[in-house]
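> Quick one: sequence plus predicted model below, questions after.
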Amino acid sequence: MAKTEDMMTINATIDIPAAALQAVVENAKRMAGKDEKGVYRIDTHGKLCEMISAFLEEKDFLAYVQDIDNYR
C-alpha cells in the first residue's frame, strides 16, 4: 500500500454486488473465528473498506482517474 501520508480516507457511496458484501462478511467472520461466547468480534465494515482500498491500489486507480478517456 502507498505511504500513509500519500493517502486520504474518504466516505463514498458506491454500488457493489450484494454477493460481494456477503463474501466479505462471511470470509471476515471465518478468519476472525468465534470468541469464547460464540460471538464473532470483527469489524466487517472496516474489512470491506480495507478490501476495496486494496483492490483500487492493485488495479492502479490513480492511473485510471488520470486518463481523461475514462471520463465518459
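Cool, got the structure.

> Show me the shaky parts of the chain.
1-4 (pLDDT under 70).

> helix/strand/coil for the spatially closest residue to A32 that is not a sequence neighbour?
Distances taken as Cβ to Cβ, 6 or more residues apart in numbering place I42 nearest to A32, at 3.8 Å, with adjacent residues excluded. Any C-beta I mention is one placed from the backbone N, CA and C, and that applies to glycine too. Judged by DSSP: H, G, I helix; E, B strand; the rest coil, the three-state class of I42 is coil.

> which residues does I42 contact?
By Cβ atoms under 8 Å, 6 or more residues apart in numbering, I42 lies in contact with 28-29, 31-32.

> V24 too?
Per Cβ under 8 Å, 6+ apart, neighbours of V24: 44, 47-48, 51.

> again, 6 Å this time
Residues counted as contacts of V24 (Cβ atoms under 6 Å, 6 or more residues apart in numbering) are 47-48, 51.

> can I get the CA coordinates of the host helix or strand of it in CSV?
Assigned by DSSP states H and E, V24 falls within helix 18-32. Extracted in CSV, the C-alpha atoms of helix 18-32 (Å, rounded to 0.1, in the frame of the first residue of the first chain):
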residue,chain,number,x,y,z
ALA,A,18,-24.8,-8.0,-2.7
ALA,A,19,-22.8,-11.2,-3.1
ALA,A,20,-19.6,-9.3,-2.8
LEU,A,21,-20.6,-7.8,0.5
GLN,A,22,-21.8,-11.2,1.7
ALA,A,23,-18.5,-12.8,0.7
VAL,A,24,-16.5,-10.1,2.7
VAL,A,25,-18.7,-10.7,5.8
GLU,A,26,-18.5,-14.5,5.6
ASN,A,27,-14.7,-14.5,5.0
ALA,A,28,-14.0,-11.9,7.7
LYS,A,29,-16.0,-13.9,10.2
ARG,A,30,-14.3,-17.2,9.1
MET,A,31,-10.9,-15.5,9.6
ALA,A,32,-11.7,-14.0,13.0
